[in-house]
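**Student:** have a look at this fold, sequence not included:
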């Protein structure tokens, strides 16, 4: 099946493929369609769930449960060397 996308949408998907987020344009389009049409909740529920996850991160930060990116990266490198 051939599809046409507006140029700005096509460019976004091409960028995501180039960044390695997706392996192919087909994979990127499939993900976008699944995200748009096969979710399990209303937009308000999805936003509430995202806000809840963000709050968990804020709470962890406020409680001192974090490390800077460089330290985390070094820890991962050491673990997988």
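**Tutor:** Received it, and whenever you're ready, just let me know what you need. Values in this document were obtained by computation on a predicted structure and should not be read as measured data.
**Student:** what's the burial count for residue 16?
**Tutor:** Residue 16 has 16 neighbours, counted by other C-beta atoms under 10 Å. Yep, even glycine has a C-beta here, placed from its N, CA and C like the rest.
**Student:** make sure it is actually in contact with residue 29.
**Tutor:** No. Using C-beta atoms under 8 Å, residue 16 is not in contact with residue 29; the gap is 10.5 Å.
**Student:** in three-state terms, label residue 2 for me.
**Tutor:** When classified by DSSP: H, G, I helix; E, B strand; the rest coil, residue 2 comes out as coil.
**Student:** relative to residue 51, how far out is it?
**Tutor:** 39 Å (C-beta to C-beta, to the nearest Å).
**Student:** likewise for residue 74?
**Tutor:** Separation of residue 74 from residue 51 (C-beta to C-beta) stands at 31 Å.
**Student:** between residue 2 and residue 51, who's got more neighbours?
**Tutor:** Neighbours were counted for residue 2 and for residue 51 using other C-beta under 10 Å; residue 51 has more, 10 against 3.
**Student:** what separation do you get for the more buried one and residue 44?
**Tutor:** Using C-beta to C-beta, residue 51 is found at 10 Å from residue 44.
**Student:** excluding chain neighbours, what is closest to the most centrally placed residue in the chain?
**Tutor:** Centroid-nearest residue in the chain, with C-alpha atoms, centre = their mean: residue 21, separated by 8.6 Å. In space, and not counting its chain neighbours, residue 21 is closest to residue 28: 7.5 Å by C-beta to C-beta, 6 or more residues apart in numbering.
**Student:** give me the neighbour count for residue 47.
**Tutor:** Neighbourhood size, residue 47 [other C-beta under 10 Å]: 11.
**Student:** ramachandran coordinates for it?
**Tutor:** Per-residue torsions, residue 47: phi -70, psi -40 (degrees, to the nearest 10).
**Student:** now swap in residue 65 and tell me
**Tutor:** The phi and psi torsions at residue 65 (degrees, to the nearest 10) take the values phi -90, psi 80.
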